[in-house]
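Engineer: What follows is a protein structure lacking sequence information:
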């Protein structure tokens, strides 16, 4: 965690305009996080202690806990993990420009055609999955998250981050549905600003991870989930959260 925060300080032009919210488990070493807090006192850094839950299976719930605690004046939400590091100087300047000029957006470092494409899945997985990769680490405008919150209210199991841990897949599906069904482009390609060490833990190196991933993706492509997702996206459009004009993603 200290490494990613060090890189944030070095690479962010205006760190004072950002807040960093961190979810930690109630059985973690809280003294360690207290020491991190003291070391980075200049940052708007807040920790929130909650039960461990089911790990990846509850990631969408953990995201919601943090989003609910975020500043009411926040305009965009960035996702990153404690084993990542900021790799591009002044990465935040382009985000501020999008905030000022674009009603609603999702960013990533891949071309939009790649984000909306389908790829072969692992054996035993659904035949196709959306290929929005986590590695570019998306930045999402608050308007989209607010629209998701309104549109998913009352939908069984749903939060503003979907109903499974695969929020990156949900974003890809939202981008695809908005483009194909509603003629709205919200995706903006940016230069990669976050990276991960190559030696990070892979899905295949932990016995529990493939099972969690298989369950999430199988559900993701079930007929009921596909239908529900389309209704939620239509609800985002109807909510007016996307604004009156949305810039083309290409």
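Structural biologist: Ah, there it is. Note that this is a predicted model, so its numbers are computed, not measured.

Engineer: in this structure, which spans are helices?
Structural biologist: 2-11, 30-39, 59-69, 91-101, 112-115, 142-152, 167-182, 208-220, 223-239 (DSSP state H).

Engineer: List of residues touching the longest one?
Structural biologist: Looking back up the chat, that one is helix 223-239. 144, 146-148, 150-152, 155, 158, 163, 170, 173-174, 177-178, 181-182, 184, 219, 242 (Cβ atoms under 8 Å, 6 or more residues apart in numbering). For every residue, glycine as well, the C-beta is placed using N, CA and C.

Engineer: do the same with the first one
Structural biologist: For helix 2-11, the external contacting residues (Cβ under 8 Å, 6+ apart) are 15, 18, 20, 36, 39-40, 42-43, 45, 80, 82-91, 193.

Engineer: and those residues, which of them are in strands?
Structural biologist: 20, 45, 85-86 (DSSP state E).

Engineer: From those residues, pick the one nearest residue 69.
Structural biologist: Nearest to residue 69 out of those is residue 20 (Cβ to Cβ; 11.6 Å).

Engineer: got a list of what that closest one touches?
Structural biologist: 5, 8, 43-46.

Engineer: just residue 60 next, same as before
Structural biologist: So residue 60 contacts 159, 161-165, 167 (Cβ under 8 Å, 6+ apart).

Engineer: what two of these are the furthest from one another?
Structural biologist: Among the contacts of residue 60, 159 and 165 lie farthest apart (Cβ to Cβ), at 11.1 Å.

Engineer: of those two, who's got more company?
Structural biologist: Between residue 159 and residue 165, counting by other Cβ atoms under 10 Å, residue 165 is the more crowded of the two (23 against 20).

Engineer: Grab the nearest non-local neighbour of residue 23.
Structural biologist: Counting by Cβ to Cβ, 6 or more residues apart in numbering, residue 23 lies nearest to residue 62, which is 4.8 Å off, once chain neighbours are set aside.

Engineer: Let me know the distance separating that neighbour from residue 53.
Structural biologist: 7 Å (Cβ to Cβ, to the nearest Å).

Engineer: ok, now residue 85?
Structural biologist: Counting by Cβ to Cβ - residue 85 and residue 53 are separated by 26 Å.

Engineer: quick one, which of the two is more surrounded?
Structural biologist: For residue 85 and residue 53, the more surrounded residue by other Cβ under 10 Å is residue 85, and the numbers stand at 18 against 15.

Engineer: Okay, now the unreliable bits of this protein?
Structural biologist: For the chain, applying pLDDT under 70 flags the ranges 117-136, 198-208, 244-250.

Engineer: Next up, the contacts around the most centrally placed residue in it.
Structural biologist: Note on the chain: the residue nearest the mean C-alpha position is residue 79, at 4.8 Å, using Cα atoms, centre = their mean. Counting by Cβ under 8 Å, 6+ apart, residue 79 touches 63, 137-140, 167.

Engineer: What distance do you get for it to residue 238?
Structural biologist: From residue 79 over to residue 238 (counting by Cβ to Cβ), the distance is 26 Å.

Engineer: Any idea how many residues pack against residue 230?
Structural biologist: If we define neighbours as other Cβ under 10 Å, then residue 230 has 13 of them.

Engineer: How about the contacts made by the residue sitting furthest away from the middle of the chain?
Structural biologist: Centroid-distance maximum for the chain: residue 31 at 28.0 Å, with Cα atoms, centre = their mean. With contacts defined as Cβ under 8 Å, 6+ apart, residue 31 has no neighbours.

Engineer: Neighbours of the nearest residue to residue 99 once chain neighbours are set aside, how many?
Structural biologist: Closest residue to residue 99 apart from its sequence neighbours, by Cβ to Cβ, 6+ apart: residue 75 at 4.6 Å. Residue 75 has 14 neighbours, counted by other Cβ under 10 Å.
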